[in-house]
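> Just the structure for this:
(2 chains)
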Amino acid sequence: MSEEMITVNMTVNGEAVSKTIPVRTHLVDFIRTELGFTGSHLGCEHGVCGACSVRVDGDVVRGCLLLAAQADGCEVLTIEGITDTGEISDLQEKFVERNALQCGYCTPGMLMTAAELLAQKTEMSRDDIREYMSGNYCRCTGYHAIVDAIESINNERLGG
Amino acid sequence: MKAPKFSYVRADSVEHALELLDKHGDDARILAGGQSLMPTLNMRLSQPEILIDINRLNELKGISLDGDTVVIGALTRHVEVLNSDIVSAHLPLVTEAMPYVAHVAIRNRGTIGGSIALSDPAAEMPACALALGATLVVQNSGGKREIPAEQFFHGLYETARAENELLVEIRFPSQKKDNVSVFMELSRRHGDYAIAGICAYGKVTGETIDDMRLVYFASEDRPVIGEHAIAALNGHAWSEETKDAVSAALENDLDPMANLNGSAAMKLHLQKVLTGRAMDTAVSRAGGTL
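Numbering: from 1, shown residues only, chains lettered A, B, ... in the order given. Next comes the predicted model:
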């Protein structure tokens, strides 16, 4: 079977892009190899680890389980874009302060999922946070510091 | 890994999708939420010739109340079902089950129709559909037909849906006023595939189980109604004796599949444990004391 190509148009981190790519390219391969945003990582590439989490039309999704062709016409935000907007700058600082990352491979995905958690603007216990973050693997930290960082920013934001 | 080569067509109407299914048959796969299909492609466990992307078919999305029936479009995403006031008011079993469906990012994309049409044995929605007596509406280019959930799930990833049919709608009877429902499952990590799971739905008066349906999933090749367990349960007061009788009867209903998550014996044990916990909870939810 020959490689079927498709032209996709979307907005990635605020910039309109148009590329012709193989239809089988998933969104994170597209973002990394065609656009050069290498903040979104590929761990398992079958939806288990969460390292590839990106935001599509406002919702966090697995970037490895969405074809770039499916995101045609969508607004895509990666860790680079969300860093630029400053939406989670407090959380990013807290991750450093609490040592919530070691090798850093899972961190962009953790932050993308945590950004959606914070956007709920609801009180969350540590158990709630663990459940919310349960789709993101970290093989270094043991999660405790990650939950610490998210918990303190969620509480700070609700208190402020 | 990377997906193998395939063709990709974005359906612009249900009719368009059905035409493509007629033309390609089993060489085609419907791409709905893609949260199970894409992993199999990335791992090259499946190699369809063509993907029919139905994600833009807004007519397949939405939740509405039609008399005593909750109608959910097949393309409605899990997150929408989870957050629906109609669902929480009329299908509390589904609302209780939904947080167990994978993780946030997957619920944002995955669809209720995709889950039911795929019929993964560990999936929550097929079990809920069977427990609540839902009707699955499938459509081909000739028209629609309705399939009761009792006749829909045939086996491991096998359903009554023909290869030229699209699941378009799930019709759930609203929970009856006097009924209670309980959903429970056990998995290694929250959101992972269940090792054992149960849906209990029915009527409890005081401590007496009047009319309860028990559906087991994850341990079998498809969701299964625990007929023998139900016979040992209905009409009895919930007690240690009843629990023992139901546990013994359950051995005639289940034939668990052993896998990496556990042996058949362990899964049977877990289903018995869940049965006990689910009925404790059902009695308590019905207002009885234990």
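> Tell me which helix or strand residue B:214 sits in.
strand B:208-217 (DSSP states H and E).
> helices and strands around that strand, which ones?
helix B:124-132, strand B:196-205, strand B:224-225, helix B:227-233, helix B:264-285 (3 or more C-beta pairs under 8 Å, 6 or more residues apart in numbering or on different chains; DSSP states H and E). C-beta: built from backbone N, CA, C; applies to glycine.
> Looking at that strand now, give me its mean pLDDT.
Averaged across strand B:208-217, pLDDT comes to 97.
> got the angle between that strand and helix B:124-132?
150 degrees (axes from the mean of the first three to the mean of the last three C-alpha atoms, to 10 degrees).
> burial of the closest residue to chain B within chain A, as a residue count?
Nearest residue of chain A to chain B: residue A:135, at 2.5 Å (C-beta to the nearest C-beta). The tally of other residues near residue A:135 (other C-beta atoms under 10 Å in any protein chain shown) stands at 25.
> which one of the helices and strands packed on strand B:208-217 is the most hemmed in?
Of the helices and strands packed on strand B:208-217, the one with the most neighbours on average (mean count of other C-beta atoms under 10 Å in any protein chain shown) is helix B:124-132, at a mean of 28.
> hmm, it touching chain A?
No. Using C-beta under 8 Å from any C-beta of the partner chain, helix B:124-132 stays clear of chain A, coming no nearer than 15.2 Å.
> and the angle from that helix to strand B:196-205?
Using the same axes, to 10 degrees: helix B:124-132 against strand B:196-205 is 30 degrees.
> one step back: torsion angles phi and psi at the residue of chain A closest to chain B?
phi -90, psi 10 (degrees, to the nearest 10).
> Show me how chain A divides into domains.
A:5-82, A:86-159 (automatic domain parsing).
> Kindly check the end-to-end length of the longest one for me.
This means domain A:5-82. One end of domain A:5-82 sits 30 Å from the other (C-alpha to C-alpha, to the nearest Å).
> quick check: mean pLDDT across it?
Rounded mean pLDDT across domain A:5-82 is 98.
> Quick check: residues of chain A near chain B?
Selection of chain A residues close to chain B by C-beta under 8 Å from any C-beta yields A:1-4, A:6, A:22-24, A:26, A:29, A:45-47, A:50, A:53, A:59-62, A:64-67, A:69-70, A:72, A:113, A:116-117, A:130-132, A:134-136.
> For the strand holding residue B:214, C-alpha coordinates in CSV please.
Provided in CSV are the C-alpha atoms of strand B:208-217 (Å, rounded to 0.1, in the frame of the first residue of the first chain):
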residue,chain,number,x,y,z
THR,B,208,-34.8,-8.2,51.4
ILE,B,209,-33.5,-8.4,47.8
ASP,B,210,-36.7,-8.3,45.7
ASP,B,211,-35.5,-8.2,42.2
MET,B,212,-31.8,-7.7,41.5
ARG,B,213,-29.8,-8.1,38.3
LEU,B,214,-26.1,-8.8,38.7
VAL,B,215,-23.8,-8.3,35.8
TYR,B,216,-20.2,-9.4,35.9
PHE,B,217,-17.4,-8.1,33.6
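> Determine how far that strand lies from the middle of the whole chain.
Centroid separation for strand B:208-217 versus its chain: 16 Å, with C-alpha atoms, centre = their mean, to the nearest Å.
> Could you tell me the angle between that strand and helix B:264-285?
Using the same axes, to 10 degrees: strand B:208-217 against helix B:264-285 is 140 degrees.
> What segments of chain A are strands?
Secondary structure of chain A (DSSP state E): strands at A:5-12, A:15-22, A:53-56, A:59-62, A:75-77.
> Mind putting these into CSV with mean neighbour count and distance to residue B:184?
CSV is the format used below for these (neighbours: other C-beta atoms under 10 Å in any protein chain shown; distance: least, C-beta to C-beta, whole Å):
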stretch, mean neighbour count, distance to residue B:184
strand A:5-12, 17, 41
strand A:15-22, 13, 44
strand A:53-56, 26, 28
strand A:59-62, 26, 26
strand A:75-77, 21, 37
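> Out of those strands, which is closest to residue B:205?
Minimum separation from residue B:205 across these (C-beta to C-beta) falls at strand A:59-62, 43.5 Å.
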